[in-house]
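Trainee: the sequence and its predicted three-dimensional model are supplied below.
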Amino acid sequence: MAHQLTDKDIAGDILSGFKFNAAGYLHAVMEAQDPSIRQAFFDYQNQCIASQEKIFRYMQDQGWYKVPMNQETMG
């Protein structure tokens with residue numbers, strides 16, 4: 001029987017895609033020689049990061065994504 005994708009699965013895949021795309025845009029920003037192209041990639045990266053935050057917050061609100069807390073950084 002085929003596995004049925006849940007909303008959690010789909011949201012996780014979308015989140016992973018945004019993370020991958022943001023890394024790619026960062027690489028493109030750092031390699032672009034033309035300032036206007038560099039700015040375009042920078043803008044795309046910022047849009048990607050903003051979208052990633054929305055899906056992250058959604059997943060966090062659903063209890064699907066918990067950020068591990070490091071005891072050393074908390075106190």
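Mentor: Alright, I've got the coordinates. Numbering: from 1, shown residues only.
Trainee: what about the longest helix seen in the chain, average pLDDT?
Mentor: Counting by DSSP state H, the longest helix found in the chain is helix 35-62. Taken as a whole, helix 35-62 has a mean pLDDT of 96.
Trainee: packing partners for that helix?
Mentor: Here helix 35-62 touches helix 7-31, going by 3 or more C-beta pairs under 8 Å, 6 or more residues apart in numbering; DSSP states H and E. Where C-beta positions appear, they are placed from N, C-alpha and C, glycine not excepted.
Trainee: one step back: just want the angle from the longest helix of the chain to helix 7-31.
Mentor: Counting by axes from the mean of the first three to the mean of the last three C-alpha atoms, to 10 degrees, helix 35-62 lies at 160 degrees to helix 7-31.
Trainee: buried residues in helix 35-62, which are they?
Mentor: Phe41, Phe42, Tyr44, Gln45, Cys48, Ser51, Gln52, Ile55, Phe56, Met59 (16 or more other C-beta atoms under 10 Å).
Trainee: how far out from the middle of the chain is that helix?
Mentor: Between the centre of helix 35-62 and the centre of its chain there are 7 Å (C-alpha atoms, centre = their mean, to the nearest Å).
Trainee: repeat for stretch 18-27
Mentor: 8 Å.
Trainee: buried residues in it, which are they?
Mentor: For stretch 18-27, by 16+ other C-beta under 10 Å, it's Phe18, Asn21, Ala22, Tyr25.
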